[in-house]
Structures are given as structure tokens and as C-alpha cells.
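Peer 1: here is a sequence with its predicted model. Questions after.
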Amino acid sequence: MTAVLVLLGVVFLVLFWAVGAYNRLVSLRNQFNNAFSQIDVQLKRRYDLIPNLVETAKAYMKHESQTLEAVIQARNQAVAANAQAVTDPASATAMQQMASAEGALGMSLGKLFALSEAYPDLKANQNMMQLTEELTSTENRIAFSRQAFNDAVMVYNTALEQFPGSVIATIVAFKHAELLQATESPQERKAVKVAF
């Protein structure tokens, strides 16, 4: 009788331990999914600002239609990549495609802002100044959201690799989540040379 009680106690403890480990992994997965949704909110805000920025610039930059079209095309590709990443924030492929599309959008916006320097009336335009300020603020929010996402992914992945999480993760098929990293080339990472 005592052996049966001890065996039941051990089974209960193992079951309790497994449920606790499983619940912790679910909680951590939900935290990184929530962190990604915060990135998504800020990216959508940026995607909404870009057409207004292009329309404002279009009136002044009539001869730069290729640059303006490149910004809109990069925006549309980033929107599509983001929509794919939203469906599975743990997917390495989706994260890489999103990071690549966001890098291309950043480059095209950089070209637009560089060209706008040649148009003093555009720089002085109240709408352009307001949109630029809102875009800068949104970029900062995106950076903070990405950092929070990567922190949540790191905690989740660590829990998957540590005992007892690794046992439960293998049994229930939890998968590693991918960090959101920049995909810039070495040339893009070089400091911009400024001359006065």
C-alpha cells in the first residue's frame, strides 16, 4: 500500500512538473507573439505615413518620379512581408523576408530624404516637416518594439533549451523563434560621410 502511495505521489509530482513547464513555455510564446504585435502596430503606422509623405513630395519633386515609385514599391513589399510574418512570428523565413523588405524600405526612404535636401521648398513645407517628424518618432517606436521582441524571443528560446523546458518542448513540438535582425550589407553599415 505504501509503495502504491509513493508511486502515485511520484506520478503526481511528474505530472505537476510537466504541466508547469508546459504552461511556462506557452506563457513565454505568448509574450513574444505579443511583442511582435507591438512591432506590427508601429509598422502599420509607418506604412500609413509613407503614402502621405510621397504625395507631399510629389508636388515638389516632379522630376524624381522613379524615386517616389521606388518608395511606394518598397512600402508595398514591406507590407506583404509583414503580413506573412504576422501569421507566424516564429518562422525564420518570414522574419528574414520581413527584415529584408524593411531594409529595402529604409534604403528607399533614405534616398527620398536625401533627394528632398535639394528642394528647399519641400523641406520648408509644413506637411513634410510634420510627416518627417511623425516618421522619425515611429521609427524610434519600431526600434524599441524590435528590442522588446528580441528580448522576449531570447527568453523563450532559452526556456526551450533548458531543462525541463527542453523535454516538454520536444514532446509537444514547440519550435524555436527567430530573432528579428537587420539584413544590411557591409556597405549599408558603413557610416555616412558628411562634408561641409
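Peer 2: Everything's here; your move. Treat the numbers as computed from the prediction; the structure is a model and nothing was measured.
Peer 1: sketch out the helices for the protein, chain order is fine.
Peer 2: In the chain, the helices defined using DSSP state H lie at 2-60, 65-87, 92-116, 120-124, 126-161, 165-172, 186-189.
Peer 1: so where's the chain shaky on pLDDT?
Peer 2: Within the chain, the segments meeting pLDDT under 70 span 182-196.
Peer 1: how close does the closest residue to Tyr22 other than its chain neighbours sit to Gln97?
Peer 2: The shortest distance from Tyr22 to any residue other than its chain neighbours is 5.1 Å, reached at Ile168 (Cβ to Cβ, 6 or more residues apart in numbering). (Each C-beta comes from the backbone N, C-alpha and C, glycine too.) When distance is defined by Cβ to Cβ, to the nearest Å, Ile168 is 30 Å away from Gln97.
Peer 1: how about the contacts made by the residue nearest to Tyr22?
Peer 2: Residues in contact with Ile168 (Cβ atoms under 8 Å, 6 or more residues apart in numbering) are 18, 21-22, 25, 174.
Peer 1: tell me how many other residues crowd Ala101.
Peer 2: Look at Ala101: counted by other Cβ atoms under 10 Å, it has 22 neighbours.
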